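*Asks:* sequence-free structure coming up:
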């Protein structure tokens with residue numbers, strides 16, 4: 001996984017510029033629907049499956065990046 005590719009994917013879903021330090025609370029468009037769309041897009045694009053029990057804990061780009069790395073294993 002390339003961090004830049006993940007950031008580009010997230011930007012495409014949320015329609016805002018983000019970086020690795022972006023928090024969910026800082027992005028008005030990152031609502032519950034966008035959250036699910038984001039997870040689905042990342043899973044499809046990078047061939048990973050984020051455990052459903054971890055989805056509610058994703059409140060920042062850095063947490064999402066760590067989960068993707070862990071799933072790529």
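*Replies:* Arrived safely, thanks for sending. Please read all numbers here as calculations on a predicted model, not as lab measurements. Numbers count the residues shown, from 1 in each chain.
*Asks:* could you say which helix or strand contains the residue nearest the centre of the chain?
*Replies:* Centroid check for the chain by CA atoms, centre = their mean gives residue 64 as the closest residue, at 4.7 Å. Per DSSP states H and E, residue 64 falls inside helix 61-72.
*Asks:* Run the chain-centre distance for that helix.
*Replies:* Taking the mean of its C-alpha atoms, helix 61-72 sits 8 Å from the chain's own mean (CA atoms, centre = their mean, to the nearest Å).
*Asks:* For it, could you pull out the residues that count as buried?
*Replies:* Neighbour-count burial for helix 61-72 flags 61, 64-65, 67-68, 71 (criterion: 16 or more other CB atoms under 10 Å). (C-beta placed from N, C-alpha, C; glycine too.)
*Asks:* Check the closest residue to the residue nearest to the centre of the chain other than its chain neighbours and give its pLDDT.
*Replies:* Among residues not flanking residue 64 along the chain, residue 58 sits closest, at 5.2 Å (CB to CB, 6 or more residues apart in numbering). At residue 58, the pLDDT value in this model is 96.
*Asks:* wait, isn't residue 58 in contact with residue 66?
*Replies:* No - with contact defined as CB atoms under 8 Å, residue 58 does not reach residue 66; the gap is 9.6 Å.
*Asks:* one step back: now for the residue nearest to the centre of the chain: which residues touch it?
*Replies:* By CB atoms under 8 Å, 6 or more residues apart in numbering, the contact list for residue 64 reads 6, 10, 38, 42, 58.
*Asks:* before we move on, back to that, ok, now how distant is the residue nearest to residue 64 from residue 65?
*Replies:* 10 Å (CB to CB, to the nearest Å).
*Asks:* where does the chain dip in pLDDT?
*Replies:* Scanning the chain with the threshold set as pLDDT under 70 gives 1.
*Asks:* how about the helices of it, start to end?
*Replies:* Here the chain has its helices, by DSSP state H, at 3-14, 32-46, 61-72.
*Asks:* Which one of the ones you listed lies nearest to residue 52?
*Replies:* Among the helices of the chain, the nearest to residue 52 by CB to CB is helix 32-46 (9.2 Å).
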